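Novice: Build me a structure from this.
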Amino acid sequence: MKFFSNKGKINVYISFLLLAITTSIVGKLSSEYNKDLNFKLIPVDFPEDKIIYKQSHDSAVLKLRASGFSLAKYYFNTPELKISVKKLKEIKNSFLWSQRDNFSDTKLNFGSSIELLSISEDSIFFLFDQYISRKIPVKENISIDFQAGFESFKNPIIRPDSVVVTGPEELLSNLKYLETDSTNFENVSKDISSSINILNPDVDNLIISENSLEYFLDVDQYTEEIIKIPVNILSSSDYNKFNYYPKELNVTYTISINDYVEVNPMDFRIDCVYDFNSPGDISKAEITKKPPFVKNVRLNTDQIQIIIL
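Specialist: Numbers count the residues shown, from 1 in each chain. As a prediction, this is how the structure comes out:
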């Protein structure tokens with residue numbers, strides 16, 4: 001019986017202790033305090049054709065007077081002070097919050113249970129720019145490693161090849177292009193059809209109309225061919241008593257096996273420019289015309305010997 005009596009006394013003691021602690025906490029929370037708290041500054045209500053891209057202060061220290069109950073909510077998350085730019089003075093390309101003109105309106109944010117006593121900053125500037133949209137080209141960052149015997153003979157199709165970017169005019173004026181993710185296709189032997197992400201610049205306040213593009217590339221098996229093309233001698237002089245060698249050069253090229261029959265010698269042209277007043281009898285030939293569906297075009301030699309008669 002003595003054991004249960006002692007246990008009962010302990011329970012009563014604990015109950016009184018908890019009651020005392022609770023009463024003390026409630027009493028403290030019910031009391032009023034002056035408290036300095038750091039608030040994040042958030043501009044709101046700005047016009048649709050303008051955008052805030054910078055502000056002189058991201059935060060400010062606010063001195064508040066309120067009960068412990070009212071202040072407790074600010075200890076769990078970083079508090080925010082929303083400032084309506086509709087009520088601010090517009091100076092050039094900025095909105096100005098000042099103690100003199102806007103402190104009274106700011107006090108209304110806190111209602112009747114909390115009194116705003118002071119703000120650490122005398123003035124806060126919110127810089128804005130015109131909100132515009134512009135079409136910006138997308139630059140592919142793609143590399144392709146073809147399997148032996150395969151190549152692409154056509155330009156890739158990119159959809160879209162440009163995107164609409166919306167943001168501050170000053171930022172968009174310096175934005176020349178966007179890039180895709182770095183993408184590598186290896187051992188390619190068939191057509192490519194792939195969705196590739198567009199990189200979002202590390203810049204605030206930009207909105208891009210598309211997050212990705214579609215990339216298409218035709219891939220064909222190819223063959224290497226050689227064709228003989230006559231050499232044309234070009235000169236600014238009217239002198240015509242000369243001969244040259246060789247009269248034809250071999251042109252080597254690669255072509256899709258699907259286009260092989262379309263090649264015609266007239267699709268190629270080799271020119272050699274020679275100045276008859278200059279010393280020496282060797283001039284350089286170059287390919288000045290070729291069909292768009294061939295690649296890796298080269299001459300077996302580019303040396304032409306001019307023989308003056």
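Novice: where do the strands sit along the stretch 201-309 of the chain?
Specialist: Ranges of strands in the stretch 201-309 of the chain, per DSSP state E, counting those that start in this stretch, are 207-208, 212-217, 220-234, 242-245, 248-256, 269-273, 282-289, 294-299, 303-308.
Novice: Please identify which of these is closest to Lys135.
Specialist: Closest approach to Lys135 among those is made by strand 207-208 (11.4 Å; CB to CB). Every residue, glycine included, has its C-beta placed from N, CA and C.
Novice: what's next to that closest one, contact-wise?
Specialist: 163-167, 178, 198, 200 (CB atoms under 8 Å, 6 or more residues apart in numbering).
Novice: rounded to a whole number, what's the mean pLDDT of that strand?
Specialist: The predicted model assigns strand 207-208 a mean pLDDT of 88.
Novice: Below-threshold pLDDT in this protein: ranges please.
Specialist: Along the chain, the model assigns pLDDT under 70 to residues 1-30, 236-240, 277-280.
Novice: The lengthiest strand in it pairs with which strands, parallel or anti?
Specialist: In the chain, assigned by DSSP state E, the strand with the most residues is strand 123-139. Partners of strand 123-139 in the sheet, by DSSP bridges, are strand 50-55 (antiparallel), strand 94-98 (antiparallel), strand 162-168 (antiparallel), strand 178-179 (parallel).
Novice: right, so these: which one is the most enclosed?
Specialist: Ranked by mean neighbour count under mean count of other CB atoms under 10 Å, the strands paired with strand 123-139 are led by strand 94-98, which reaches a mean of 20.
Novice: Report the buried residues of stretch 169-188.
Specialist: 171-172, 178, 180, 188 (16 or more other CB atoms under 10 Å).
Novice: got the contact list for the closest residue to Asp122 other than its chain neighbours?
Specialist: Ranked by CB to CB, 6 or more residues apart in numbering and with sequence neighbours excluded, the top spatial neighbour of Asp122 is Gln99, at 5.2 Å. By CB under 8 Å, 6+ apart, Gln99 lies in contact with 119, 122-123.
Novice: and if you look at Ile142?
Specialist: 156, 180, 183-185, 196, 215.
Novice: can you name the two of the residues you listed that are farthest apart?
Specialist: Pro156 and Asn184 (14.5 Å).
Novice: Would you agree Phe46 is in contact with Ile52?
Specialist: Yes: here Phe46 lies in contact with Ile52, judged by CB atoms under 8 Å, at a distance of 5.8 Å.
Novice: Need the residues touching each of those two.
Specialist: Common neighbours of Phe46 and Ile52 (criterion: CB under 8 Å, 6+ apart): 85, 95, 126, 128.
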